[in-house]
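Colleague: sequence-free structure coming up:
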């Protein structure tokens, strides 16, 4: 999918688009498009795929870890 064609967020209707996020699996293999989030910071819409199940609207946490 071309980055110029990301889908419009239907939850906020203010110009936010859904962008994909990737992760790594348990064995270290890349998992592309594991989650989609709206670019509008006021929207908070997100969709995640976990163990083959779709999860909508879960709380978003900062990814920074204290080391």
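Modeller: Noted; the coordinates are in hand. Keep in mind that what you see is a predicted model, and the values were worked out from it rather than measured. Numbers count the residues shown, from 1 in each chain.
Colleague: Next up, phi/psi of the closest residue to residue 6 other than its chain neighbours, please.
Modeller: What sits nearest to residue 6 in space, not counting adjacent residues and going by C-beta to C-beta, 6 or more residues apart in numbering, is residue 17, at 4.4 Å. Every residue, glycine included, has its C-beta placed from N, CA and C. Dihedral angles phi and psi of residue 17 (degrees, to the nearest 10) take the values phi -120, psi 160.
Colleague: Go through the protein and flag its longest strand.
Modeller: What stands out as the longest strand in the chain, according to DSSP state E, is strand 30-38.
Colleague: That one: which residues count as buried?
Modeller: Within strand 30-38, the residues that count as buried by 16 or more other C-beta atoms under 10 Å are 34, 35, 36, 37, 38.
Colleague: The host helix or strand of residue 23: partners in the sheet, and parallel or antiparallel?
Modeller: Element membership for residue 23, per DSSP states H and E: strand 18-24. Counting by DSSP bridges, the strands paired with strand 18-24 are strand 30-38 (antiparallel).
Colleague: And for the residue nearest to residue 6, the neighbour number?
Modeller: Using other C-beta atoms under 10 Å, the number of residues around residue 17 comes to 16.
Colleague: Check the gap between residue 19 and residue 26 for me.
Modeller: Counting by C-beta to C-beta, to the nearest Å, the separation of residue 19 from residue 26 is 24 Å.
Colleague: With neighbour numbers in mind, choose between the two.
Modeller: Neighbour tally, residue 19 and residue 26, criterion other C-beta under 10 Å: the higher count belongs to residue 19, 14 against 6.
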